[in-house]
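Q: Task: produce atomic coordinates for the following.
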Amino acid sequence: MSLNINDRTEHISYLTRGGISYASAKEISLALGGNYYYNNEAAKIELKFSSYNLKITARNQFFVLINKSDNSQQVIQIPISTLSAKDDVLIPMIYSTKLLSIAYGKEISYDDNRKHIQVTEKSPPVIAGLPVKEDKPVTPPPAKPKDKTPVVIDSKFDVYDMLIDEKTNGTMIRLKSQKKLKGYRSSIKNNTLFLFLTGTTVDPNLASIKPTGLVKKVTRKNVAGNIQLEFDLKDGFASHETFQDIESNDILISIQNKMFETPVIDFTSKKEEWKFDVVVIDAGHGGKDPGAIGVTGVREKDVNLGIALKLGRLIEQKLPDVKVVYTRNDDTFVELYKRGKIANEAKGKLFISIHCNALKKKPSDTRGFEVYLLRPGRTKEAIQIAEFENSVIHFEDNPDRYQALTDENFILVSMAHSSYMRYSEKFSDILNQTWTKHTKIPSRGIKQAGFYVLVGASMPSVLVEAGFLTNREDEAYLKSSNGQQEIAIAILNSIITYKDYYDKTFEEAAN
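A: This is a model prediction of the structure:
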């Protein structure tokens, strides 16, 4: 990889993994005339420039930008993790140039096709919230009213348009629909993605739309009176997911490329690294953020902490070889991005975020437990729950650091987690089956939604809604020490079963 600055060209070491180019942070710093400090124990590198320092951690998604004039810090999350190298950290260039530009003080651009980094005399780009000094009082911003003006579509077809966008780690297909489609399903066979649409009219011109990304050809067919769209795929795809945008009724198909498949593990040298030895327990909310409030005033943050501490003690007793890491172990406020950062730095093998549910109406008859995976929400209820859990960012000093989990950019984070999804799904299934055997709260099943706290944790992750504080029966059970203990036992037994599955899976892979 080449770096051009002031008509001088430097060569930077790099490697390509899954279509993403990762460059040496150390060599970039030196080429720009800066300096660096590498902490071998923490696997961190700090790039030092005249006005800013930039801290980067190996196998982590968080960069820390330090303003040297006042020592204020800003943490920024990128969609994928960095890589570890001997005495160095390799950074994904496509996501790192803006941060390098700010740290260096001049605009840095990157051409992935040419593997070329260019430094110009232009001022660096502006990222919302940078620089921001800490300890500033925060007033939650008012909610922006949604535009209720109906969009008039001049088309006689239900599905009237199609957009195919190439993303860094996959391809997104959006089928624009005038109505909610109930009869749709998809499958992949012999490098072709089939989308079946029942009782739906589709504009014939969609087949003439220019393909891009992993899609090389689109065909529209009539099969038994219904429409079948066929997408011929290029080599390099791994999996796909089809869902409906709740707000717009559009059908979204995300096609994942192989860069985020479960990595091949070299057990001869890295077996200890993949050993199931750390569980991260995240008690939701805390401190100035009480979370949901129950019928009799029970605060969610207190219930979450009670369950978390009881679960941690049980793990220490029953699984002495497994280390317990808490994102908080007392009534303190921990920002969402820091929770994922704590989990990643501890090299967690399972992340469990504990919460309680609530409805606007209280008391309510609705009760039950739910376990959530990080995927686009498919129901309005799931989306509302995610919006409530994500709303805690208004208590934080810089809520602008979080990108909205819209359906369009969700592909970035959901695909980044896809290498762990098999294990997240397995733990969710075990917990859902174990729950009713040990607790008095019925199960409402496994669901999915976009939670910021799960985005940051690069490991198998779930979010538990233990019950509804707006239901008198659930609330009484959740606030009781006995109820919290039984919930902790249910989660513990799920972890034990999951650990057996995890250990067996990796032992088979090693042999």
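Q: where are the low-confidence patches of the stretch 151-300 of the chain?
A: Scanning the stretch 151-300 of the chain for pLDDT under 70 picks out 151-154, 167-169, 245-247, 257-272.
Q: so where do the helices sit in it?
A: Per DSSP state H, counting those that start in this stretch, the stretch 151-300 of the chain carries helices over the ranges 267-270, 300-318.
Q: helices or strands up against the helix or strand where Q448 lies?
A: In this structure, Q448 sits in strand 443-449 according to DSSP states H and E. For strand 443-449, the packing partners by 3 or more Cβ pairs under 8 Å, 6 or more residues apart in numbering; DSSP states H and E come out as strand 369-374, helix 380-390, helix 418-438. Just so you know, the C-beta spots here come from the backbone N, C-alpha and C atoms, and that holds for glycine as well.
Q: Lowest average pLDDT across the ones you listed?
A: Looking at the helices and strands packed on strand 443-449, the lowest mean pLDDT belongs to helix 380-390 (a mean of 59).
Q: Rebuild the helices of the stretch 151-300 of the chain as CSV, extending it with distance to Y372 and mean neighbour count.
A: Listed next are the helices of the stretch 151-300 of the chain as CSV, based on distance: least, Cβ to Cβ, whole Å; neighbours: other Cβ atoms under 10 Å:
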stretch, distance to Y372, mean neighbour count
helix 267-270, 30, 10
helix 300-318, 14, 21
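Q: Specify the stretch among those helices that is closest to S177.
A: Minimum separation from S177 across the helices of the stretch 151-300 of the chain (Cβ to Cβ) falls at helix 300-318, 37.3 Å.
Q: Just give me how far that closest one sits from the chain centre.
A: When C-alpha coordinates are averaged (Cα atoms, centre = their mean, to the nearest Å), helix 300-318 and its chain have centres 24 Å apart.
Q: Just give me the longest helix of the protein.
A: Longest helix in the chain by number of residues (criterion: DSSP state H): helix 481-510.
Q: where along the stretch 151-300 of the chain do the strands fall?
A: 159-167, 170-177, 184-189, 192-197, 215-223, 226-233, 237-244, 251-257, 278-283 (DSSP state E, counting those that start in this stretch).
Q: now T212: how far from M93?
A: 22 Å (Cβ to Cβ, to the nearest Å).
Q: more neighbours, those two?
A: Using other Cβ atoms under 10 Å as the criterion, T212 and M93 rank with M93 on top: 23 against 12.
Q: Let me see the contact set for that one.
A: Residues in contact with M93 (Cβ atoms under 8 Å, 6 or more residues apart in numbering) are M1, Y14, S21, Y22, A23, Y110, D112, I117.
Q: And for the fourth one, nearest residue in space, chain neighbours not counted?
A: Sequence neighbours aside, L90 is the residue nearest to Y22 in space, at 3.8 Å (criterion: Cβ to Cβ, 6 or more residues apart in numbering).
Q: and Q485, how many residues sit next to it?
A: Neighbours around Q485, by other Cβ under 10 Å: 18.
Q: start at 48 instead
A: Let's use 48 as the start, then, which means that last one is Q532.
Q: For the residue most central in space within the chain, give me the pLDDT.
A: Relative to the mean C-alpha position of the chain, the nearest C-alpha, by Cα atoms, centre = their mean, is the one of V502, at 2.4 Å. Per-residue confidence (pLDDT) for V502: 72.
Q: ok, N404 - how many residues close by?
A: The number of residues near N404, taken as other Cβ under 10 Å, comes to 26.
Q: how's the chain carved up into domains?
A: Following automatic domain parsing, one finds the domains of the chain at 49-166, 206-307, 314-557.
Q: so of those domains, which one's packed in deepest?
A: domain 314-557 (a mean of 20; mean count of other Cβ atoms under 10 Å).
Q: ok now it, how far from the chain's centre?
A: Using Cα atoms, centre = their mean, the offset of domain 314-557 from its chain centre is 13 Å.
Q: what's the closest non-adjacent residue to D282?
A: N238 (7.4 Å).
Q: can you check K102 too?
A: V111 (3.9 Å).
Q: give the contact list for the one you found.
A: Counting by Cβ under 8 Å, 6+ apart, V111 touches L101, K102, I103, Q120, Q121, V122, I123.
Q: helix or strand for the fifth one, which one?
A: Assigned by DSSP H and E, Q121 belongs to strand 120-124.
Q: The first one too?
A: When elements are defined using DSSP H and E, L101 is found to belong to strand 99-104.
Q: Report the next helix or strand after that strand in sequence order.
A: strand 109-114.
Q: how far off strand 120-124 does that next one point, in degrees?
A: Interaxial angle, strand 109-114 versus strand 120-124 (axes from the mean of the first three to the mean of the last three Cα atoms, to 10 degrees): 150 degrees.
Q: ok, strand 109-114: who's next to it in the sheet?
A: Looking at strand 109-114 with DSSP bridges, its partner strands are strand 99-104 (antiparallel), strand 120-124 (antiparallel).
Q: Distance to K203 and mean pLDDT added to those strands, as JSON lines?
A: Formatted as JSON lines, the strands paired with strand 109-114 follow (distance: least, Cβ to Cβ, whole Å; pLDDT from 0 to 100):
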{"stretch": "strand 99-104", "distance to K203": "54", "mean pLDDT": "92"}
{"stretch": "strand 120-124", "distance to K203": "44", "mean pLDDT": "81"}
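Q: Format the ones you listed as JSON lines; extra columns: distance to S541.
A: Formatted as JSON lines, those follow (distance: least, Cβ to Cβ, whole Å):
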{"stretch": "strand 99-104", "distance to S541": "30"}
{"stretch": "strand 120-124", "distance to S541": "29"}
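Q: Between these, which one is closest to D297.
A: With Cβ to Cβ as the measure, strand 120-124 is the member of the strands paired with strand 109-114 nearest D297 (27.0 Å).
Q: Tell me what angle the longest helix of the chain forms with strand 416-421.
A: In terms of direction (the same axes, to 10 degrees), helix 528-557 departs from strand 416-421 by 40 degrees.
Q: Average pLDDT for helix 528-557, rounded please.
A: For helix 528-557, the per-residue pLDDT averages 89.
Q: now that helix and helix 347-365, what's the angle there?
A: 50 degrees.
Q: Remind me what helix 528-557 packs against, helices and strands.
A: Using 3+ Cβ pairs under 8 Å, 6+ apart as the contact definition, the elements that helix 528-557 packs against are helix 314-317, helix 347-365, strand 397-404, helix 465-485, helix 519-526.
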